[in-house]
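Trainee: Sequence unavailable; structure follows:
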C-alpha cells in the first residue's frame, strides 16, 4: 500500500496546476479543469475532526472558487458515526477497495483488443459522460473529456478498447510509472455488457504492464458495487481501502472517473 500511495500521489501532483498543504495531507488544484473532482481534491491520511476537515476543503477548494468539495481518505475501517457527520453536511460517502494483481486470471479474453489514441476514444468518453450526467453543463462535459491530458503529464497512459460495428464498445486506461501500473476507467457501453469485453480490455492492459516490467499492478474498485467480483476473477485481490467524500452541484461521483464507475 505504501508503494501504491506513492504512485497515486505522484500522478495527482504531476497532473495538478497547484499543490497546497492541508492539515493531514495535501490538496491538488487544476486551473484547466476546475470541474473535475479527480483533479481538485484533498488527500488526507488521518481521521481528523470532521469539522476541521470540511473546513480545510472549504478553505482550499472554496478559496479557489470551486463549487464542489472532494476529499480522498487514505484509511479504512472508519466509524460510521464519524462518516455520518460528513453525510449530515451533504457529502456522499463512497468506500473504495484497492486491489492488486496476485495470480493468473480465471477468465480469458473473448474479443480482440486495440491500443488506440485518446483522440479516437473521445466520442465514446463524451457519450458516457453525458449518459452519467444528463444535467451537467457543456463546460463540465468538455472538461471531463479533456482532463486526461493533465494525467498524461504525470505518467505514461495507454488506452485499450474493443471495437464494435459502429465504434468502440468497451475500454480501459493503463497508467504506468515503472515498475508500477494502475488499471483505470474500465467501462462498457450499456448495450454491449455481459459479453466479456471488460475482461478483454483489462487483460490486455495487464499484459502490457507486465511486458513493460511492472511488478505491481493495481486498481481501485467501488466497495459497494459488483465489478470487484470481476476483478477477483481476473486475479486481483484486496490489499486495502479508503473513502471518497464528495459534495457538489451536478457532477457527483462521476466527476472523479475511476474503476468505481466501471461496467463489464
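Mentor: Ah, there it is. As the structure is a prediction and not an experimental result, all values here were calculated from the model.

Trainee: Would you map the strands across the protein?
Mentor: Using DSSP state E, the strands of the chain run over 18-22, 25-29, 41-44, 69-73, 92-101, 114-116, 156-164, 167-177, 180-188, 216-222, 236-247.

Trainee: phi, psi of the residue of the chain positioned farthest from its centre?
Mentor: For the chain, the largest distance from the centre (CA atoms, centre = their mean) belongs to residue 165, which lies 28.0 Å off. Backbone torsions for residue 165, taken as degrees, to the nearest 10, come to phi -70, psi -30.

Trainee: Tell me which of the strands of the chain lies nearest to residue 144.
Mentor: Of all the strands of the chain, strand 180-188 sits nearest to residue 144, with 11.1 Å by CB to CB. Heads up, the C-betas are built off the backbone N, CA and C, glycines and all.

Trainee: Tell me the strands beside that closest one, with direction?
Mentor: Take DSSP bridges as the rule and strand 180-188 pairs in its sheet with strand 167-177 (antiparallel), strand 216-222 (parallel).

Trainee: Which one, of those, ends up nearest to residue 18?
Mentor: strand 167-177 (21.0 Å).

Trainee: follow-up on the earlier one: mind putting the strands of the chain into a markdown table with mean pLDDT and mean neighbour count?
Mentor: Shown next, in a markdown table, are the strands of the chain (pLDDT from 0 to 100; neighbours: other CB atoms under 10 Å):
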| stretch | mean pLDDT | mean neighbour count |
| --- | --- | --- |
| strand 18-22 | 98 | 14 |
| strand 25-29 | 98 | 21 |
| strand 41-44 | 98 | 25 |
| strand 69-73 | 98 | 26 |
| strand 92-101 | 97 | 20 |
| strand 114-116 | 98 | 14 |
| strand 156-164 | 97 | 20 |
| strand 167-177 | 97 | 23 |
| strand 180-188 | 97 | 25 |
| strand 216-222 | 97 | 23 |
| strand 236-247 | 97 | 20 |
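
Trainee: Mind checking the strands paired with strand 180-188 for the one nearest to residue 23?
Mentor: strand 216-222 (24.0 Å).

Trainee: Residues contacting that closest one, please?
Mentor: For strand 216-222, contacts defined as CB atoms under 8 Å, 6 or more residues apart in numbering pick out 3-4, 94-101, 179-184, 186, 206, 209-210, 227-228, 231, 236, 239, 258-262.

Trainee: how does it look with 7 Å?
Mentor: The contact list for strand 216-222 (CB atoms under 7 Å, 6 or more residues apart in numbering) reads 3-4, 94, 96-101, 179-183, 206, 209, 227-228, 231, 236, 258-260.

Trainee: Specify the angle between that strand and strand 236-247 in degrees.
Mentor: 50 degrees (axes from the mean of the first three to the mean of the last three CA atoms, to 10 degrees).

Trainee: With distance to residue 249 added, can I get the strands paired with strand 180-188 in a markdown table?
Mentor: A markdown table is the format used below for those (distance: least, CB to CB, whole Å):
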| stretch | distance to residue 249 |
| --- | --- |
| strand 167-177 | 26 |
| strand 216-222 | 22 |
